[in-house]
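Engineer: sequence unavailable; structure follows:
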């Protein structure tokens, strides 16, 4: 290996002082940086690519409120769902028998890009909204919404905690048997 010394023909520009990093051209934490919208668009595309199609049913808040059950007795929900993209990990429905009875432990987390979902549904997500995954015949009711943000990059996520909605009309209107049981007879009407 030769030990030749190489010379540079061009003078180097002065180095940037690290103490004055806010004035640097390469700062990613510049709040006026136009690339902040680019990071948000990339995040939106990543959620669309890695996520799946969901149907989002908006909950319309009403003034009726039952103090005993601490909920609205008639929850007005949109009839038609809006098709959106979000990220979630499907879980198997688990019903564990505990000392207090059957416990449903199937809370689901859904992740959305905040600017995308607000543009798509016309408002922010609120507790009471319903989500139905395209590949499942189950609906989930949102009970908690948290904002996860990367403020330096301008990226905001909404992480929604949802529980399985067991009392939806689809579940209640499903007949359990094809025949109704007559009093004193069998279920086959003999």
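Structural biologist: Okay, I see it. This one's a predicted model, so the numbers in the text were calculated from it and none came from an experiment.
Engineer: confidence score at residue 132?
Structural biologist: With respect to pLDDT, residue 132 has a value of 93.
Engineer: so it sits against residue 162, correct?
Structural biologist: No. Contact criterion C-beta atoms under 8 Å: residue 132 and residue 162 do not qualify, at 10.4 Å. Where you see a C-beta, it was placed from the backbone N, CA and C, and this is true even at glycine.
Engineer: mind listing the shared neighbours of the two?
Structural biologist: residue 140 (C-beta atoms under 8 Å, 6 or more residues apart in numbering).
Engineer: got the contact list for residue 58?
Structural biologist: Residues in contact with residue 58 (C-beta under 8 Å, 6+ apart) are 77, 78, 82, 121, 123, 129.
Engineer: what's the neighbour count on the fourth one?
Structural biologist: For residue 121, the neighbour count with other C-beta atoms under 10 Å is 17.
Engineer: ditto for the one 3 residues further on
Structural biologist: By other C-beta under 10 Å, 12 other residues sit near residue 124.
Engineer: please apply the same query to the one 5 residues further on.
Structural biologist: Burial measure for residue 129: 23 neighbouring residues, criterion other C-beta under 10 Å.
Engineer: hmm, it is touching residue 60, no?
Structural biologist: No. Counting by C-beta under 8 Å, residue 129 does not reach residue 60; the two are 9.9 Å apart.
Engineer: all strands for this protein, in order.
Structural biologist: Along the chain, the segments classed as strands by DSSP state E run 52-57, 82-86, 95-98, 101-104, 108-113, 130-133, 140-150, 155-164.
Engineer: least confident of those strands, on average?
Structural biologist: strand 101-104 (a mean of 73).
Engineer: which strands or helices does that one pack on?
Structural biologist: For strand 101-104, the elements it packs on are strand 95-98, judged by 3 or more C-beta pairs under 8 Å, 6 or more residues apart in numbering; DSSP states H and E.
Engineer: residue 132 and residue 162: who's more crowded?
Structural biologist: residue 162 (22 against 18).
Engineer: from residue 91, how far out is the residue nearest to the more buried one when sequence neighbours are not counted?
Structural biologist: Sequence neighbours aside, residue 140 is the residue nearest to residue 162 in space, at 3.7 Å (criterion: C-beta to C-beta, 6 or more residues apart in numbering). Distance of residue 140 to residue 91, given as C-beta to C-beta, to the nearest Å: 11 Å.
Engineer: shared neighbours, these two?
Structural biologist: What both residue 140 and residue 91 touch, as defined by C-beta under 8 Å, 6+ apart, is the set residue 108.
Engineer: who has more neighbours out of those two?
Structural biologist: For residue 140 versus residue 91, the count of surrounding residues by other C-beta under 10 Å is larger for residue 140: 25 against 12.
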